[in-house]
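**Student:** give the three-dimensional model of this entry:
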Amino acid sequence: MTESTCIETPEPAIVPTTSNPHVKAELNEATPAASYTRGYDEGPQDPPIGEPSSDNLELQPQDERPKNENLQQLMAETSAEKLEAGVQKTLAILDTLKDPLMAYEGPGEDAQQWLGTIENLQKQAVQKRTVVGVVGNTGAGKSSVINALLDEERLVPTNCMRACTAVVTEMSWNNSKDWNSKYRAEIEFITQQDWEKELDTLLKDLLDSNGEVSRECRDQDSEAGVAWAKFKAVYPQKTKEMLANSDVRSLMRDQSLLNILGTTKKISEAHPEPFYRCLQHYVDSKEKITGQEPKEKKKEKRKMEFWPLIKVVKIYTKSPALSTGAVIVDLPGVHDSNAARAAVAQGYMKQCTGLWIVAPINRAVDDKAAKSLLGDSFKRQLKYDGTYSNVTFICSKTDDISITEASDSLGLDEQISRFDDQKRDIEKQVESLQDSIKDFRESKEVYKGIYDDAEDELEIWETLREDVDDGKTVYAPKPKSEKRKRSSSASKQRKRRQRSGSDSDFGSGSDRSDTDTSDGSGSEKEDRGAPLTGDQIRSKIEEIKSTKKNARRERLGLEEKVKSNRKEIDVLKKKEATIIAEMSAICIAGRNQYSKGAIQQDFAAGIKELDQENAIEEDEANFNPDEDIRDYDEVARSLPVFCVSSRAYQKLCGRLNKDNPVAGFKTIEETEVGSNVGAIPCFY
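**Tutor:** Numbers count the residues shown, from 1 in each chain. Next up, the predicted model:
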């Protein structure tokens with residue numbers, strides 16, 4: 001049989017028969033147009049392998065080829081789960097096709113070719129890693145961006161000290177089917193040899209020329225400060241003086257340290273919260289920014305911290321962003337004295353098929369971040385493999401914005417003036433309502449005083465009524481104002497007598513209660529007036545009750561007015577929040593647009609500098625600085641820039657329940673993090 005015959009009639013009569021209708025459909029889709037529709041075991045009607053039959057060719061005319069609709073639908077599918085199911089089904093079909101071909105492998109050259117083709121297809125089903133490196137300075141918001149991409153509120157460890165950021169953290173798909181291992185991590189520690197080399201470097205950084213601990217160790221950003229932080233973490237019981245008298249050999253004798261070096265710690269959890277806490281135990285520093293610990297813990301013996309000994313952290317999770325082979329690597333943003341960690345970072349840089357540069361949007365433009373973050377290692381990579389086209393810039397923290405500053409600097413006054421006027425009107429209405437509430441409360445206090453006085457007066461008159469019913473003679477009580485006046489006058493008289501030392505009991509009877517029912521004498525008796533009758537007392541009691549009732553009614557009415565005003569204020573506050581959100585959205589969009597253009601131009605300027613450096617190295621004599629090596633406007637336009645708010649994305653996804661709503665964002669799409677994150681998120 002010739003080779004041309006084999007090509008013209010591929011796979012005749014070797015399609016296996018199956019009773020599974022789904023497999024049949026896939027077999028028909030996978031079978032070329034010239035293939036036979038009968039199975040290999042259907043009897044002598046099938047021609048031998050490789051020998052075409054004109055009768056069978058007529059069964060499937062050229063113009064009646066299968067349309068491959070199922071295959072086309074699968075190719076258009078974007079769901080990672082459905083694509084993976086399609087791959088698994090295809091692998092099963094290929095395995096089914098291999099079995100009958102194996103019988104013809106010896107004598108049939110065509111069978112060997114088909115088997116080779118099937119094996120090549122099976123190799124292509126292996127999931128390839130797409131490594132995306134994430135770089136950015138401390139405080140750039142890398143961890144928040146990555147957590148948002150992974151659709152987790154808090155998964156990636158956040159480190160509070162600069163030295164901690166030297167640890168490379170890799171995030172990839174979790175293949176485990178165990179529910180209790182939904183979140184997994186592998187923490188790989190450096191070897192004894194690596195730590196021994198680093199100790200030598202750390203001691204040189206910590207000690208000055210006199211062999212004493214350098215004063216610069218108080219500065220956390222200095223080399224001595226980083227060295228001191230690592231020594232405190234790994235050797236918490238050693239003082240500075242003890243370290244000054246130590247050497248590498250003595251420091252390496254710590255058995256608890258030797259038990260960790262060169263090992264790999266594995267973590268498995270079913271839920272993210274305990275997973276995060278367990279991971280933080282290893283990667284986080286307990287020395288907080290203030291450097292202070294709770295009083296009750298000061299007496300506790302400090303324990304060894306592990307973060308300086310970590311070589312790499314690998315996190316495995318079932319995030320949709322990682323489902324088809326994407327690997328996100330949080331690369332260190334600072335230089336590290338540990339050679340092993342530096343080598344790991346460089347190794348990941350070589351594997352990166354994409355690079356994400358993260359910087360806060362309020363510093364991204366002013367700090368020339370797109371150019372400055374292209375450090376020496378990145379410049380070398382860009383120089384040799386030209387992967388600048390795979391760089392993506394991410395401006396983080398877009399929700400951190402001042403409307404006043406943004407409107408002034410971006411010239412957005414006209415766009416937000418209408419909203420600003422509405423906001424001012426609402427503020428005036430709120431102020432008026434708050435003033436009314438203040439007046440209502442003052443009136444409430446007045447009526448409360450009237451009510452309390454009526455309560456006291458009612459008690460007095462009810463006592464008088466009881467006395468009248470008992471046949472006693474009673475008189476109208478003195479008004480409160482006169483009581484206070486008489487009481488004050490009597491008090492002054494007593495003080496004067498005490499100062500003069502007089503023993504006279506003059507006026508001693510003047511302090512009697514005005515409700516005294518006994519007979520009086522002199523002016524007191526005349527001041528009391530005529531005795532009260534029962535009808536007068538009952539009439540007065542009804543009057544007091546009416547006053548009390550009216551005061552209570554007025555108080556309740558004022559309370560309702562206060563509540564009504566508060567409701568109006570709440571409605572106005574919501575309207576104000578909506579207006580502020582609209583103003584924020586305008587300012588955020590304006591700043592995003594400006595930042596994208598500025599960063600693209602900044603990045604193109606950085607690429608131009610690299611090109612010029614390379615041109616000088618290659619041929620300095622013929623280098624012309626006025627001649628552009630490439631179209632740098634196109635370089636600028638080709639740089640993807642995303643301005644994202646991780647906090648707004650998380651809030652809109654129903655997370656960060658303790659936080660207030662983020663102004664300026666109504667939909668997930670506006671956060672630019674992406675609502676449907678696939679294998680490679682929308683950033684790339």
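**Student:** which one is Ala364 nearest to, not counting chain neighbours?
**Tutor:** Cys395 (4.9 Å; Cβ to Cβ, 6 or more residues apart in numbering). (C-beta placed from N, C-alpha, C; glycine too.)
**Student:** quick check: that neighbour is in a strand.
**Tutor:** Yes. Counting by DSSP: H, G, I helix; E, B strand; the rest coil, Cys395 is part of a strand.
**Student:** so it bridges to which residues?
**Tutor:** Beta-bridge pairing for Cys395 (DSSP bridges): Ala359, Cys643.
**Student:** quick one: it from Tyr632, how far?
**Tutor:** 21 Å (Cβ to Cβ, to the nearest Å).
**Student:** show me which of the two is the more surrounded one.
**Tutor:** Taking neighbours as other Cβ atoms under 10 Å, Cys395 and Tyr632 compare with Cys395 leading, 29 against 16.
**Student:** so Arg566, which state does it fall into?
**Tutor:** Arg566 - assigned by three-state DSSP - is helix.
**Student:** contacting residues for it?
**Tutor:** By Cβ atoms under 8 Å, 6 or more residues apart in numbering, Arg566 lies in contact with Ile437.
**Student:** can you tell me the helix or strand for Lys540?
**Tutor:** helix 534-619 (DSSP states H and E).
**Student:** next one: Arg637
**Tutor:** helix 632-638.
**Student:** list the helices and strands that helix packs on?
**Tutor:** helix 534-619 (3 or more Cβ pairs under 8 Å, 6 or more residues apart in numbering; DSSP states H and E).
**Student:** can you pull out the strands in the stretch 51-200 of the chain?
**Tutor:** 130-135, 168-173, 183-189 (DSSP state E, counting those that start in this stretch).
**Student:** those strands: which one's closest to Gly211?
**Tutor:** Across these, Gly211 has its closest neighbour in strand 183-189 (29.9 Å, Cβ to Cβ).
**Student:** which one of the strands of the stretch 51-200 of the chain lies nearest to His271?
**Tutor:** Closest to His271 of these is strand 183-189 (Cβ to Cβ; 7.3 Å).
**Student:** quick one: average pLDDT of the closest one?
**Tutor:** For strand 183-189, mean pLDDT rounds to 94.
**Student:** okay, buried residues for that strand please.
**Tutor:** Tyr183, Arg184, Ala185, Ile187, Glu188, Phe189 (16 or more other Cβ atoms under 10 Å).
**Student:** and for stretch 450-461?
**Tutor:** For stretch 450-461, burial by neighbour count (16+ other Cβ under 10 Å) applies to Ile450, Tyr451, Ala454, Glu457, Leu458, Trp461.
**Student:** which one of these sits closest to Lys666?
**Tutor:** Using Cβ to Cβ, Tyr451 comes nearest to Lys666 of the buried residues of stretch 450-461, at 49.9 Å.
**Student:** secondary structure class for that closest one?
**Tutor:** Following three-state DSSP, Tyr451 is assigned to helix.
**Student:** so how far is Ile460 from it?
**Tutor:** 15 Å.
**Student:** what are the boundaries of the strands in the stretch 251-400 of the chain?
**Tutor:** For the stretch 251-400 of the chain, the strands defined by DSSP E, counting those that start in this stretch cover 264-269, 310-317, 326-330, 352-360, 391-396.
**Student:** so which of those gets nearest Leu202?
**Tutor:** Evaluated with Cβ to Cβ, the strands of the stretch 251-400 of the chain place strand 310-317 nearest to Leu202, the distance being 15.4 Å.
**Student:** relative to strand 168-173, how tilted is the closest one?
**Tutor:** 20 degrees (axes from the mean of the first three to the mean of the last three Cα atoms, to 10 degrees).
**Student:** listing partners with orientation, what would you give for strand 310-317?
**Tutor:** Strand 310-317 pairs in its sheet with strand 168-173 (parallel), strand 183-189 (antiparallel), by DSSP bridges.
**Student:** hang on, the earlier thing: I'd like the strands of the stretch 251-400 of the chain as CSV, with distance to Ser539 and mean pLDDT appended.
**Tutor:** Output for the strands of the stretch 251-400 of the chain, formatted as CSV (distance: least, Cβ to Cβ, whole Å; pLDDT from 0 to 100):
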stretch, distance to Ser539, mean pLDDT
strand 264-269, 81, 94
strand 310-317, 84, 91
strand 326-330, 87, 89
strand 352-360, 79, 84
strand 391-396, 79, 88
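**Student:** residue contacts, the closest residue in space to Val644 that isn't next to it in sequence?
**Tutor:** Leaving out its chain neighbours, the residue that sits closest to Val644 by Cβ to Cβ, 6+ apart is Glu672, at 4.7 Å. For Glu672, the contact set (Cβ under 8 Å, 6+ apart) comprises Thr398, Phe642, Cys643, Val644, Ser645, Cys682.
**Student:** distance of the first one from Gln600?
**Tutor:** Note on Thr398: its distance to Gln600, by Cβ to Cβ, is 17 Å.
**Student:** go on, the third one?
**Tutor:** Relative to Gln600, Cys643 is positioned 12 Å away (Cβ to Cβ).
**Student:** also Gln112?
**Tutor:** Gln112 is 54 Å from Gln600, by Cβ to Cβ.
**Student:** out of these two, which sits in the busier spot?
**Tutor:** For Gln112 versus Gln600, neighbours defined as other Cβ under 10 Å are more numerous around Gln600 (20 against 14).
**Student:** and the residue nearest to that one when sequence neighbours are not counted, what does it touch?
**Tutor:** Nearest non-adjacent residue to Gln600, counting by Cβ to Cβ, 6+ apart: Ala636, 4.0 Å away. Taking Cβ under 8 Å, 6+ apart, we find Ala636 in contact with Gln600, Gln601, Phe603, Ala604.
**Student:** ok, Ala636 to Phe642 distance?
**Tutor:** 15 Å.
**Student:** check Leu83 too.
**Tutor:** 25 Å.
**Student:** the two - which one has more neighbours?
**Tutor:** Using other Cβ under 10 Å as the criterion, Leu83 and Phe642 rank with Phe642 on top: 23 against 17.
**Student:** I appreciate the help and will end here.
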